[in-house]
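> return atomic coordinates for the entry below.
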Amino acid sequence: MSRRVPVYSVTGDKSGEVDLPPVFEVPVRRDLIERSFWAEFTHALQPKGTDPMAGMRTSAESFGVGMGIARLARVKGRGYSRAGQAAGVAGVLKGRKPHPPRVDKVIYKRLNVKERRLATASAIAATSVLDLVRARGHAIPDSIEVPVVVSDELESLSRLKDLRALLEKLGLWADVERIANRSDRGGKASWRGRAQRGGKSILLVVSSDRGISRAAGNLPGVDVVLAKDVSVLDLAPGGRPGRLTVWSTAALRSLPHTLEEVYVNGP
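Okay, the predicted model is just below:
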């Protein structure tokens, strides 16, 4: 028997109930979700490499033996600062890198189609498990059920103050503040320009974007995704399932209606 959850209006009041699609009954496979996440994560990486001749464009040759100095290749000439310095090898000033990144390194990971579909379905099901949602650190009140379902009017909200009023009425605004009030990281991260790291808050899944992305654009950690495009990257950031997710009723209706469709065609 399918589970029923309340449906909220854009004012935050209960307006009815809806049956969750069978995809929410799929077992949560943490191992499969994590593998799928990192496979899809690599698809956005850009190959990088160094110039093969970096650090090698020099006239350096070894002086040979019998001079009481190391037999490293040294820059030719005299009378200027670079003359006589070791060059053309790794481990010296202005020398080449010992093991530089290669542009031909294979960083694109592949995953079987059925595995990816099952991982997405499993990640969707994880959004309905309260323990997993809280394990990710989301601030969620005891009075609300997950997943949170809002009427289709959610997709038409185009002003931030309207979306904020809805989240405050549902008790979810605390999770947005949790991300906004994160303190800077110390140590080497702050030295190297990585003191601030954006977290993940609420995920809004809609069937069509009629202004909701504009309303949520400036909210820290809040993402908007179409139901047809939802993936493990959105549902389980970092490969950890259980992201706090708000669905529109139209987005729920677009999900498969039977478990057979889930396993054959995917969510």
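> elements contacting the host helix or strand of Val246?
Following DSSP states H and E, one finds Val246 within strand 245-248. The elements that strand 245-248 packs onto, with contact taken as 3 or more C-beta pairs under 8 Å, 6 or more residues apart in numbering; DSSP states H and E, are strand 148-150, strand 203-206. (Glycine included, C-beta is placed from N, CA and C.)
> got JSON lines for the ones you listed, with distance to Gly88 and mean pLDDT too?
Shown next, in JSON lines, are the helices and strands packed on strand 245-248 (distance: least, C-beta to C-beta, whole Å; pLDDT from 0 to 100):
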{"stretch": "strand 148-150", "distance to Gly88": "62", "mean pLDDT": "97"}
{"stretch": "strand 203-206", "distance to Gly88": "53", "mean pLDDT": "98"}
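> so can I have TSV of those strands showing distance to Tyr8 and mean neighbour count?
Shown next, in TSV, are those (distance: least, C-beta to C-beta, whole Å; neighbours: other C-beta atoms under 10 Å):
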stretch	distance to Tyr8	mean neighbour count
strand 148-150	5	23
strand 203-206	13	25
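> could you export stretch 104-117 as PDB, CA atoms only?
Written as PDB, here are the backbone C-alpha positions of stretch 104-117 (Å, rounded to 0.1, in the frame of the first residue of the first chain):
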ATOM      1  CA  ASP A 104      45.300  12.200 -21.700                       C
ATOM      2  CA  LYS A 105      44.500  10.800 -18.300                       C
ATOM      3  CA  VAL A 106      41.100   9.100 -18.300                       C
ATOM      4  CA  ILE A 107      38.900  10.900 -15.700                       C
ATOM      5  CA  TYR A 108      35.500  10.100 -17.200                       C
ATOM      6  CA  LYS A 109      34.000   7.300 -15.200                       C
ATOM      7  CA  ARG A 110      31.200   5.200 -16.700                       C
ATOM      8  CA  LEU A 111      28.300   3.400 -15.100                       C
ATOM      9  CA  ASN A 112      25.800   0.900 -16.400                       C
ATOM     10  CA  VAL A 113      22.500   2.400 -17.400                       C
ATOM     11  CA  LYS A 114      20.400   0.200 -15.100                       C
ATOM     12  CA  GLU A 115      22.700   0.900 -12.200                       C
ATOM     13  CA  ARG A 116      22.400   4.700 -12.800                       C
ATOM     14  CA  ARG A 117      18.600   4.400 -13.000                       C
END
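> list the contacts of Leu244.
Applying C-beta atoms under 8 Å, 6 or more residues apart in numbering to Leu244 gives the contacts 127, 133, 136, 138, 140, 146, 148, 172, 175, 201-203.
> what segments of this protein are strands?
Secondary structure of the chain (DSSP state E): strands located at 4-8, 14-19, 61-62, 73-74, 148-150, 203-206, 223-226, 245-248.
> out of these, which is closest to Glu168?
Closest to Glu168 of the strands of the chain, according to C-beta to C-beta: strand 4-8, at 12.5 Å.
> check the gap between Arg194 and Gly238 for me.
Using C-beta to C-beta, to the nearest Å, Arg194 is found at 16 Å from Gly238.
> over to Val92?
Separation of Val92 from Gly238 (C-beta to C-beta) stands at 40 Å.
> could you do Asp142 as well?
Going from Asp142 to Gly238 by C-beta to C-beta gives 26 Å.
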